[in-house]
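> please find the sequence and the predicted model below.
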2 protein chains.
Amino acid sequence: MIKTYRDIKADVLDKITGGTWPPGEMLPNEADLAEDYGCARATVNRALRELAEEGLLERKRKSGTRVRAAPQRQARFDIPLTRREVEEAGAQYRYALVMQQVVQAPEWLRARMSLSKTARVLEVIAMHYADGAPFQHEARWINLEALPQAEEQDFSQRGANEWLVETVPFSDVELAFSAAGADAGLSHHLGCEAGAALFRMERSTWFEERAITFVRLSYRPGHRMTARY
Amino acid sequence: MIKTYRDIKADVLDKITGGTWPPGEMLPNEADLAEDYGCARATVNRALRELAEEGLLERKRKSGTRVRAAPQRQARFDIPLTRREVEEAGAQYRYALVMQQVVQAPEWLRARMSLSKTARVLEVIAMHYADGAPFQHEARWINLEALPQAEEQDFSQRGANEWLVETVPFSDVELAFSAAGADAGLSHHLGCEAGAALFRMERSTWFEERAITFVRLSYRPGHRMTARY
DNA sequence: TAGGACAATTTGTCCAAACATATTGAAAAA
DNA sequence: TTTTTCAATATGTTTGGACAAATTGTCCTA
């Protein structure tokens, strides 16, 4: 017997995948469905609302609910904290600072972070290891106008990311994935050949419209990032 | 005056980002919050439930609600349909079939798709162009045991993906992102140098526990995939 | 015929109350 | 002291009812 909103979700999903309600099909309205299922309209509403959020249904007032013609589903995945990523793979994590210095922000960085011409940034280069082998190269720039206290920090023991997560825990993030060939520095640190194809993740972080940090993470060759949906 | 669950969400979010409720902090229980906000508990419940889903709060029966210590936020992004991806960038889309043939599934593919030793698959190689320039190389294998009618299909005009979306609209998907160097075939089709770093997306599709298709999409050099959260 | 006012419909949200369920912590028993 | 039992508590879900908001289609009018 159907009772919970989960049961209803599952049943509707079955009807969709089973072909009872093909793409483009209109569903009965909430009131009718509630009667069919023998439950309150709010229960049906929650089931349908969640299916719509997951991209399977399309809902509009007055016109009703229909199965999406082109099921625009979306992948969700957790943003990996490098330490956890390594440890969850069952490997020993190690961090090492390569370099830390204050510099004038170069032009390309000013563009990405919307910085002024004279902006100073803290540049931090570091490596992350899994079981002693190079795992990820981190190149980071921190906006010293937004976070002046970063200049006093010592990132030789603890990664900049962990400090930032504590200091500016909630922020807006823009992510980009791409691929890039290893240059001389990267190939040296990652222990791979120059030109090797590396998976790369770039992340810009903002807090209250101000750029906090930009980080470019280059993974060792062969790294894969997976998601399900 | 606070009234809607959205207002409550916004207010709670402000209290979190503003430091009133720092990471790890316990929130008052729903009943108390409902009284504070002058609304029903169900309204507070919805606000907090959604914030928890978004990864900002942690909720447990009896113990209550707390701000996540390490805000495990997740990125969501839409799965790109190549045609739309190109057209939304304002470019002219063009598709071209390179090759289509039935083959015995090689060992590595059998492993990925859980196929039997004698499984036959339809191999489809195609190219996607944006404004006449190579945009993406598609290498796809379709399980003919699950979809025998694929063998009769002609993918010279319409991409295999569009046919599959119509034929098996709802399926489970496993995604993987990585980087790979262009081999001879890829560099030829994409018009880039051999060894160039390419962003790659691999997708396995399942329907009712049966492998439908595996596709490997290799983007032209320099491609970026972005998300916000 | 074209445009505007309006009523009907459907989803969206809220409420107050009740019961369900997981979990904790304390009391009771071994 | 350790284990078991049990009640208290906070979130999870459902109900039936109500009103809000968006949108559609119709009818009326110019």
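Ah, there it is. Residues are numbered from 1 along each chain as shown, chains lettered A, B, ... in the order given.

> which bits of chain A sit near DNA strand C?
A:27, A:29-31, A:41-42, A:45, A:48-49, A:52, A:59-65 (C-beta under 7 Å from any atom of the strand). Placement of C-beta: from N, CA and C, glycine included.

> can you confirm A:G195 is in a strand?
No. With DSSP: H, G, I helix; E, B strand; the rest coil as the criterion, A:G195 is coil rather than part of a strand.

> residues near A:L147, how many?
21 (other C-beta atoms under 10 Å in any protein chain shown).

> what helix or strand is the closest residue to it other than its chain neighbours on?
Once flanking residues are discounted, A:L147 sits nearest to A:I212: 6.3 Å by C-beta to C-beta, 6 or more residues apart in numbering or on different chains. Following DSSP states H and E, one finds A:I212 within strand A:210-219.

> kindly report the domain assignment for chain A.
A:5-67, A:82-219 (automatic domain parsing).

> and B:E152, which of those is closest to it?
Distance to B:E152, taken as C-beta to C-beta, is lowest for domain A:5-67 among these, at 20.7 Å.

> ok, and the closest non-adjacent residue to the residue in chain A that DNA strand D sits nearest to?
With C-beta to the nearest atom of the strand as the measure, A:T4 is the residue of chain A nearest to DNA strand D, at 2.7 Å. Leaving out its chain neighbours, the residue that sits closest to A:T4 by C-beta to C-beta, 6+ apart is A:T43, at 7.6 Å.

> one step back: can I get the domains of chain A in JSON lines with mean pLDDT?
Formatted as JSON lines, the domains of chain A follow (pLDDT from 0 to 100):
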{"stretch": "domain A:5-67", "mean pLDDT": "94"}
{"stretch": "domain A:82-219", "mean pLDDT": "94"}
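
> strands of chain A, start to end?
Secondary structure of chain A (DSSP state E): strands at A:57-60, A:64-67, A:74-78, A:93-104, A:120-130, A:133-143, A:172-181, A:197-207, A:210-219, A:225-228.

> tell me who's in contact with the one residue sitting closest to the centre of chain A.
Central residue of chain A (C-alpha atoms, centre = their mean): A:I79, 4.2 Å from the mean position. Going by C-beta atoms under 8 Å, 6 or more residues apart in numbering or on different chains, A:I79 touches A:173, A:175, B:72-75, B:229.

> can you give the strand pairings for the strand holding A:I212, parallel or anti for each?
strand A:133-143 (antiparallel), strand A:197-207 (antiparallel) (DSSP bridges).

> who wins for proximity to B:K15 among those?
Using C-beta to C-beta, the nearest of the strands paired with strand A:210-219 to B:K15 is strand A:197-207, at 15.6 Å.

> list the contacts of A:L198.
Contacts of A:L198 (C-beta under 8 Å, 6+ apart): A:179-182, A:186, A:190, A:192, A:218-221, A:223, B:179, B:197.

> what sits opposite the nearest residue to it once chain neighbours are set aside in the beta ladder?
Counting by C-beta to C-beta, 6+ apart, A:S218 is the residue found nearest to A:L198 once chain neighbours are left out, at 4.7 Å. Taking DSSP bridges as the rule, A:S218 bridges to A:H137, A:R200.

> OK, contacts around A:S218?
A:136-137, A:139, A:180, A:182, A:186, A:190, A:198-200.

> go on, A:R110?
A:116-117, A:119.

> ok, the residue of chain A positioned farthest from its centre to A:N29 distance?
Of all residues in chain A, A:E35 has its C-alpha farthest from the mean position, at 40.7 Å, by C-alpha atoms, centre = their mean. Remark: distance between A:E35 and A:N29 (C-beta to C-beta, to the nearest Å) = 10 Å.

> count the residues that sit near the residue nearest to A:L147.
21.

> these two touch, right, it and A:P169?
No. A:I212 lies out of contact with A:P169 (C-beta atoms under 8 Å); the separation is 11.2 Å.

> neighbours of A:Q101, just the number please.
What A:Q101 shows, counting by other C-beta under 10 Å, is a neighbour count of 9.

> what do you get for A:T118?
A count of nearby residues for A:T118, using other C-beta under 10 Å, gives 9.

> list the contacts of it.
Counting by C-beta under 8 Å, 6+ apart, A:T118 has contacts A:Q104.

> the strands of chain A into JSON lines, with extra columns for distance to B:Q104?
Output for the strands of chain A, formatted as JSON lines (distance: least, C-beta to C-beta, whole Å):
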{"stretch": "strand A:57-60", "distance to B:Q104": "40"}
{"stretch": "strand A:64-67", "distance to B:Q104": "37"}
{"stretch": "strand A:74-78", "distance to B:Q104": "31"}
{"stretch": "strand A:93-104", "distance to B:Q104": "43"}
{"stretch": "strand A:120-130", "distance to B:Q104": "37"}
{"stretch": "strand A:133-143", "distance to B:Q104": "36"}
{"stretch": "strand A:172-181", "distance to B:Q104": "31"}
{"stretch": "strand A:197-207", "distance to B:Q104": "29"}
{"stretch": "strand A:210-219", "distance to B:Q104": "34"}
{"stretch": "strand A:225-228", "distance to B:Q104": "27"}
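
> I'd like these laid out as JSON lines, including distance to DNA strand D.
Conversion of the strands of chain A to JSON lines gives the following (distance: least, C-beta to the nearest atom of the strand, whole Å):
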{"stretch": "strand A:57-60", "distance to DNA strand D": "5"}
{"stretch": "strand A:64-67", "distance to DNA strand D": "9"}
{"stretch": "strand A:74-78", "distance to DNA strand D": "19"}
{"stretch": "strand A:93-104", "distance to DNA strand D": "32"}
{"stretch": "strand A:120-130", "distance to DNA strand D": "34"}
{"stretch": "strand A:133-143", "distance to DNA strand D": "34"}
{"stretch": "strand A:172-181", "distance to DNA strand D": "25"}
{"stretch": "strand A:197-207", "distance to DNA strand D": "27"}
{"stretch": "strand A:210-219", "distance to DNA strand D": "31"}
{"stretch": "strand A:225-228", "distance to DNA strand D": "21"}
